[in-house]
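S.K.: Provide a 3D model corresponding to the input given below.
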Amino acid sequence: MGRDKALLPHPAGGTLLAHAVALALGRAARVVLLSGDGRRYPELGLPELADAAAGAGPLGGLVAGLRAAAGAPLLLLPVDLPYLDPAALEALIAAHARGGAPLTVASEAGRLSPLPSIWEPACRAAAEAALAAGRLALHGLAAEVPHQAVALPTVALRNWNAPADLRDGTA
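M.R.: Have a look, this model is predicted:
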């Protein structure tokens, strides 16, 4: 993207980060930003965690989040899903509440989409092992651990990864 995606304007106003925070508030017991170095968004007044390992991407954030979750489930939301809405997130949360697996992950057309997802503490050992082995792809980890997949609308999982996504309206 060439710049911090979290600070891109959201189609409904505000930033992508503000949208993700608004979705999490009231749905998660505690909202913490997993922000790479742990010092990127002090203006939000929310606690931030540094990644468990520099350069590990989302897996580094997941491990840091699981370590800090103190035995509670971790709702992992990305900032680059501008069309993720409360109904889609509630479907994921409801499926997790019904139980069935330590990981509840979104899916689209039969493919796992590890963000958004809900990770139980039981996933921590596998996440730490993947990090230690340099297997950084969340897709791979999600496929490894026992999981339940929740089909979400395609539009809810459209992410913004390149400037063209902002211009062509297909994001």
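S.K.: ok, and the closest non-adjacent residue to residue 83?
M.R.: Counting by Cβ to Cβ, 6 or more residues apart in numbering, residue 155 is the residue found nearest to residue 83 once chain neighbours are left out, at 4.9 Å. Every residue, glycine included, has its C-beta placed from N, CA and C.
S.K.: quick one, phi psi at the one you found?
M.R.: Per-residue torsions, residue 155: phi -60, psi -30 (degrees, to the nearest 10).
S.K.: Tell me how far it lies from residue 9.
M.R.: 18 Å (Cβ to Cβ, to the nearest Å).
S.K.: and if you look at residue 128?
M.R.: On the measure of Cβ to Cβ, residue 128 and residue 9 end up 36 Å apart.
S.K.: What is the longest strand belonging to the chain packed up against?
M.R.: Longest strand in the chain, counting residues (DSSP state E): strand 111-119. Packing partners of strand 111-119 (3 or more Cβ pairs under 8 Å, 6 or more residues apart in numbering; DSSP states H and E): helix 57-68, strand 74-76, helix 86-98, strand 103-108, helix 138-144.
S.K.: now with 10 Å?
M.R.: Here strand 111-119 touches helix 16-24, helix 57-68, strand 74-76, helix 86-98, strand 103-108, helix 138-144, strand 147-151, going by 3 or more Cβ pairs under 10 Å, 6 or more residues apart in numbering; DSSP states H and E.
S.K.: what about the residue nearest to residue 122 when sequence neighbours are not counted, how many residues close to it?
M.R.: Nearest residue to residue 122, sequence neighbours excluded (Cβ to Cβ, 6+ apart): residue 102, at 4.1 Å. Residue 102 sits with 19 neighbouring residues when counted by other Cβ atoms under 10 Å.
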